[in-house]
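Undergrad: structure for the following, please:
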Amino acid sequence: MPQCHFEYTDNIGDAPNWQDLYREIHAVLIATGEWHSAEIKSKAVKLTNYCVGNGSPDQAFVLLTIQILAGRSDSLKKSISESCLKILVSHFPRMLDELQATITVQIVDINGPSFSRRINYEI
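TA: The predicted structure follows:
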């Protein structure tokens, strides 16, 4: 179920190897025992229309939003968030060295009763 949405400003410099980054984030989620690998999806969107602070071109950000069905503990969500933040920091060293930048991870609960899906594989 987890849906990992990465958004990043187009001024971050060299982008990471996204497939490696996805695999590391997926490993964190799998290690919790809550999800199987086939359930986790990731995508990244480069932002070209944005404003950070006063609009200075040396301001940047990376945001990872992980959507999960509600019901997991706050301590589990905090652990996932902290682990993912460490991974993101390791993948964006140039951005952190050269720009005024922020990296944010947020875990968002999806309301189960309003969620629908069809799975065409066995978990």
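
Undergrad: and the strands in this structure, which stretches?
TA: Applying DSSP state E to the chain gives strands spanning 3-9, 41-47, 59-69, 100-110.

Undergrad: what's the closest of those strands to G53?
TA: Checking these against G53 by Cβ to Cβ gives strand 59-69 as the closest, at 5.0 Å. C-beta: built from backbone N, CA, C; applies to glycine.

Undergrad: okay, buried residues for the helix or strand of the chain with the lowest mean pLDDT please.
TA: Using mean pLDDT, DSSP states H and E, helix 93-98 stands out as the lowest-scoring helix or strand of the chain, at a mean of 94. In terms of neighbour count (16 or more other Cβ atoms under 10 Å), helix 93-98 has its buried residues at 95-96.

Undergrad: so what touches it?
TA: 12-14, 58, 60, 62, 89, 101, 103 (Cβ atoms under 8 Å, 6 or more residues apart in numbering).

Undergrad: quick one: those residues as TSV, columns for neighbour count too.
TA: Output for these, formatted as TSV (neighbours: other Cβ atoms under 10 Å):
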residue	neighbour count
I12	20
G13	14
D14	9
D58	11
A60	24
V62	23
V89	13
A101	21
I103	20
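
Undergrad: where is the longest helix in this protein?
TA: The single longest helix within the chain, with elements called by DSSP state H, is helix 74-91.

Undergrad: output the contacting helices and strands for it.
TA: Packing contacts for helix 74-91, counted by 3 or more Cβ pairs under 8 Å, 6 or more residues apart in numbering; DSSP states H and E, involve helix 18-31, strand 59-69, strand 100-110.

Undergrad: in the longest one, which residues are buried?
TA: Neighbour-count burial for helix 18-31, counted by 16+ other Cβ under 10 Å, picks out 21-22, 24-26, 28-29.

Undergrad: cool, and stretch 34-41?
TA: Here stretch 34-41 shows 34-35, 39-40 as buried, counting by 16+ other Cβ under 10 Å.

Undergrad: what does stretch 62-80 give?
TA: Buried, per 16+ other Cβ under 10 Å, within stretch 62-80: 62-64, 66-68, 77, 80.

Undergrad: coming back round to it: ok, residues contacting the longest helix of the chain?
TA: Under Cβ under 8 Å, 6+ apart, the answer for helix 74-91 is 16-17, 20-21, 24-25, 28-29, 32, 34, 62, 64, 66, 68, 96, 103, 105-107.
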